[in-house]
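Visitor: Quick one, what's the 3D model for this:
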Amino acid sequence: MEHLDVARFFPRNRYSAMLGTQKTASNFIKESVASIFALECPTGTGKTAIGYSYLKAMLASGVKQPFYLVPNKTLAEQVKSLHPDVHAVYGRNEHPCLFYPGENLKADEIPCSLLQECPHRVNQETGETKEPGAERCPYLQQKYEAKQSGGITVATHAFYLYSVFFAKEFEPGAVVVDEAHGIAKAIRSVLEFHITDWNLARMVELLGSILSSQAEVLDHFRKRMIAIIKAKEASKKTILEAEEIRELLDLTNAIDTRAVDAEIRAAIEVGLIDRKKDRLALKQLEILGRDLRMYMRSFEFALPTEVRHPLNFTFAFWRQELEEGKRVQYELVVKSYYVAPLVKKMLPKNVLAYSATIGNADIFSHETGIKGDFLSLPSTFSSLNTRIFMPTDTPNLSVKERNRRDKTKSLRMIAKACKTFSRKSIRSLVVVASNEERKKFLELVAEEGVKALSYGEGVTPRACARQFREGEGDVLVGTDSNYGEGVDLPKGIAPVIFYYRPSYPRPDDPATVFEERRFGNQRWHVWNWRVIIGLLQVRGRNIRSVEDVGVTFLISQQFRRFAFGSLPEWLKPAYVGGKTFEECVKETVKMLS
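Guide: Sure thing, here's the model as predicted:
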C-alpha cells in the first residue's frame, strides 16, 4: 500500500517517543509501494509497537479485520497486555464446554459440530444464544466479539489457519506475522495426521453401530492400508511411493463423507446415540468425518502434478509384535512439509512479517512463502555485554567426525563447567539436540552434585522452565525443540548458555529423504539456514534488554564453519574463537562476577 503513515498511529499514550529503529521501520514502509514487508528486528528494537502501528494505519486506510499472528498463547497475552484494545482469540483447548456441566471438559474434547441444539451456541451473525438467556459459549463468544470489534485481533498461527483460512470465518485485509521465521514449522506441526489400524477399526465399528452404508468401504481401506504397510520393513519409517499413495487416495475417494455426516446426524435424531451419555462415541464420529476429509486432501498433496512437486510426504511404520499396553501396530503418518505455498495463499495482500532472526531473505522466502521488501534493523544492544565462545579444544560432534567417547566427554565438560558456575551462583541453560543427550547430561551433572531441572515424568517443558525462572535449580536442560526459542531467561536467570551441537536432520528421517528428493542439493541451503536461525535464537535466550549480560558456549566444532559468518555485524565483536574451553570458563566467571 503506497505511503502508509505508520508513525502517525504510534501508541504515544504508552510510549513517550519512538525509538530510532521504530522510526527507521516506519519510514521504510512509508516510502515503499510494496504491500508485503519482511523486517529483521533484533530484540529491543520495539517490533510489537511497529506491528500494532502498522495495523492501526491499515484500519485507518479502510482495511477490515486485521490480524496480529503469534506462535503461542503466551505471546498473544503479551501483545494484549501491551495493547489492551487488541482483541485476543484462542483455540478450543483454552475454553471450557458448557454443554456438559460438572465434567470439566474443554471445548476441543466435545463433539461441538454435532451439538447444533446446544443452548449455549452463539450465533456468529446476531450474537444471540440458541436458547435465549443461556450462558454464552466462551469459545464462540470470543470469536463473535472479535468479528464485531472492528479492531485488531491477535491469534496464534494455528487459530488463523483453521478459523480464518480453512473455515473462512474472518476476511482479514492485513496481517502482521510475529516470529515469522517459525511460521512454516508451526503450520507443519498442526498439519500432521496419523492414520492407524486401531483408529480405523474403531471408526468401522462406530459406523457399523449406526448401520452406516460406508462401514464396509472404510474397512476395505483399512485392510489395503495394512497390506501396503506390511510390505515395508518392520520397525523402520519408510516413505510411500507415488503409486501406493494413488491407491490410498482412490480408496478414500470411494468413501462418501457426506453420507457419513448425514448418517451420524440421523443416528442422533432417532436416538441411536445420546448426546450426553455417548459423548466419547459421538466425539469419535465427529473426528471420523473430519479425518476422512483430511486424509483425502493430504494424499492429494503428497502426489506431484503437472505444475508442482509433492508438498506432503507419507511414511509407513509397523511393529511385528504389539508391546504390552500398546494399541497401534500399523501406522501411516502424513506430513505437510513444503508449506510455503500454503502460507502464501492464506495471507492477504497486505503483510508485515518480522522476526529477530531472518538471516538470508531469499531462503526465508523459500521456507515461509513470504516475499517482500526486506529491511534488517540494527540492534540497540552492546556487544560488550555478551560473548559467543567457540572453544578450540571441543570435539566435532557430527556423525562422521565424532568417536564413541566424544559425546560423553564433551557433556562431562559442560557438567563440570556448570559446577564451577553454580559455586559462583551463576546459573546455566544447556540446550542439546536429542532426548538421549538430555538424559545423559542429567546423569553426568548429577554426578557433579549440581541440581539440574528438566521435563518429563508429568512435568511439561513450560512448567519446568517456570520453576527455573522462579529460582529452583542451578541448570535448566532441554532439547532445542523445547528450549531453543520461546524461553526467556533475562536478568541473570541463566547468564550462561551451552549450545551442544546444530540440529541437522538425521539421514534416515523420512523428512530428510523427502527433502533430498524434493530439493536435491538445494536442501543444504535450507538446512544451513535453519541451523543458523537456531544458533541466533539460542544465543538470545539470556539477552533480552540493554542491561542483560550473558555468554553462549558453542560446543561442537560444526559451529566453527558458519557461526562467525552468520552473526549480524553488531554482534561479531563478541565472538571468541581462539581460546580453550577452560580459558572461556575463566573469562565467563570474570565477566559475570
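Visitor: what comes up buried for stretch 542-558?
Guide: Neighbour counts over stretch 542-558 (16 or more other Cβ atoms under 10 Å) mark 542-544, 548-558 as buried. The way it works is simple: take the backbone N, C-alpha and C, and place the C-beta from them, glycine included.
Visitor: Likewise for stretch 171-188?
Guide: Taking 16+ other Cβ under 10 Å as the criterion, stretch 171-188 shows 172-188 as buried.
Visitor: now do the same end-to-end measure for that stretch.
Guide: 23 Å (Cα to Cα, to the nearest Å).
Visitor: Please compute how far it lies from its chain's middle.
Guide: Here stretch 171-188 is found 10 Å from its chain centre; the criterion is Cα atoms, centre = their mean, to the nearest Å.
Visitor: show me where the stretch 401-550 of the chain has strands.
Guide: Ranges of strands within the stretch 401-550 of the chain are 428-432, 452-453, 475-479, 496-499, 550-554, based on DSSP state E, counting those that start in this stretch.
Visitor: and the end-to-end length of stretch 446-465?
Guide: End-to-end distance (Cα to Cα), stretch 446-465: 19 Å.
Visitor: I'd like the numbering to begin with 4 instead of 1 from here.
Guide: From this message on, residue numbering opens at 4, which makes the last subject stretch 449-468.
Visitor: Contacts for that stretch, please.
Guide: For stretch 449-468, the external contacting residues (Cβ atoms under 8 Å, 6 or more residues apart in numbering) are 418-419, 421-422, 425, 433, 441, 444-445, 448, 470-471, 475-481, 485-486, 490.
Visitor: before we move on, back to that, can I get the buried residues of stretch 545-561 in CSV including pLDDT?
Guide: Shown next, in CSV, are these (pLDDT from 0 to 100):
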residue, pLDDT
545, 97
546, 96
547, 94
551, 97
552, 98
553, 98
554, 99
555, 99
556, 99
557, 99
558, 99
559, 99
560, 98
561, 98
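Visitor: which of the residues you listed sit farthest apart?
Guide: Pairwise distances across the buried residues of stretch 545-561 (Cβ to Cβ) peak at 28.8 Å, for the pair 547 and 560.
Visitor: helix/strand/coil for the nearest residue to residue 528 once chain neighbours are set aside?
Guide: Using Cβ to Cβ, 6 or more residues apart in numbering and skipping residues adjacent in sequence, the residue nearest residue 528 is residue 366, 5.7 Å away. Using DSSP: H, G, I helix; E, B strand; the rest coil, the secondary structure recorded for residue 366 is helix.
Visitor: Could you look up the SS state of residue 40?
Guide: Secondary structure, three-state DSSP: residue 40 is strand.
Visitor: I'd like to know how many residues surround it.
Guide: Using other Cβ atoms under 10 Å, residue 40 has 23 other residues around it.
Visitor: Give me the local confidence score for it.
Guide: Residue 40 carries a pLDDT score of 98 in this model.
Visitor: what's residue 27 in contact with, if anything?
Guide: Contacts of residue 27 by Cβ under 8 Å, 6+ apart are 378, 380.
Visitor: please redo it, this time with the cut-off set to 7 Å
Guide: Counting by Cβ atoms under 7 Å, 6 or more residues apart in numbering, residue 27 touches residue 380.
Visitor: For it, pull up the helix or strand it's in.
Guide: Residue 27 is part of helix 23-34 when elements are defined by DSSP states H and E.
Visitor: cool, residue 354 as well?
Guide: Using DSSP H and E, residue 354 falls in strand 353-358.
Visitor: List the buried residues of that strand.
Guide: Buried positions in strand 353-358, judged by neighbour count with 16+ other Cβ under 10 Å: 353, 354, 355, 356, 357, 358.
Visitor: by contact count, what packs against it?
Guide: For strand 353-358, the elements it packs on are strand 39-43, helix 50-63, strand 177-180, judged by 3 or more Cβ pairs under 7 Å, 6 or more residues apart in numbering; DSSP states H and E.
Visitor: what's the burial count for the closest residue to residue 376 other than its chain neighbours?
Guide: Nearest in space to residue 376, with sequence neighbours left out and distances taken as Cβ to Cβ, 6+ apart, is residue 37 at 4.3 Å. Residue 37 has 16 neighbours, counted by other Cβ under 10 Å.
Visitor: Tell me the secondary structure at residue 37.
Guide: Here residue 37 is coil, with the state taken from three-state DSSP.
Visitor: how close does it get to residue 457?
Guide: For residue 37, the distance to residue 457 equals 45 Å [Cβ to Cβ, to the nearest Å].
Visitor: Show me the shaky parts of the stretch 404-553 of the chain.
Guide: Applying pLDDT under 70 to the stretch 404-553 of the chain flags no residue at all.
Visitor: Pull the contacting residues for residue 381.
Guide: Going by Cβ under 7 Å, 6+ apart, residue 381 touches 24, 573.
Visitor: And it, its phi and psi?
Guide: As for residue 381, its main-chain torsions (degrees, to the nearest 10) stand at phi -70, psi 150.
Visitor: I'd like the strands of the stretch 404-553 of the chain as a markdown table, with distance to residue 379 appended.
Guide: As requested, the strands of the stretch 404-553 of the chain are arranged in a markdown table below (distance: least, Cβ to Cβ, whole Å):
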| stretch | distance to residue 379 |
| --- | --- |
| strand 431-435 | 25 |
| strand 455-456 | 36 |
| strand 478-482 | 29 |
| strand 499-502 | 23 |
| strand 553-557 | 21 |
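Visitor: Beyond the helix or strand of the chain with the lowest mean pLDDT, next helix or strand please.
Guide: One helix or strand of the chain scores below all others by mean pLDDT, DSSP states H and E: helix 282-304, with a mean of 80. Toward the C-terminal end, the helix or strand that comes next after helix 282-304 (DSSP H and E) is strand 315-321.
Visitor: which residues sit against that next one?
Guide: Outside strand 315-321, the residues that touch it by Cβ under 7 Å, 6+ apart are 231-233, 235, 237, 240-243, 248, 301, 304-305, 332-340, 513, 517.
Visitor: For that strand, what is the distance to the chain centroid?
Guide: 21 Å.
Visitor: Can you list the strands that it pairs with?
Guide: Applying DSSP bridges, strand 315-321 is found paired with strand 241-242 (antiparallel), strand 333-339 (antiparallel).
Visitor: tell me the average confidence for the longest one?
Guide: Spelled out, it's strand 333-339. Across strand 333-339, pLDDT averages out at 93.
Visitor: Need the phi and psi values for residue 166.
Guide: Dihedral angles of residue 166 (phi, psi; degrees, to the nearest 10) stand at phi -80, psi -30.
Visitor: Just give the number of residues close to it.
Guide: Around residue 166 there are 18 other residues, counting by other Cβ under 10 Å.
Visitor: Could you do residue 30 as well?
Guide: 13.
Visitor: burial count for the residue nearest to it when sequence neighbours are not counted?
Guide: Excluding the flanking residues, the one nearest residue 30 by Cβ to Cβ, 6+ apart is residue 10, at 7.6 Å. The number of residues packed near residue 10 is 17, by other Cβ under 10 Å.
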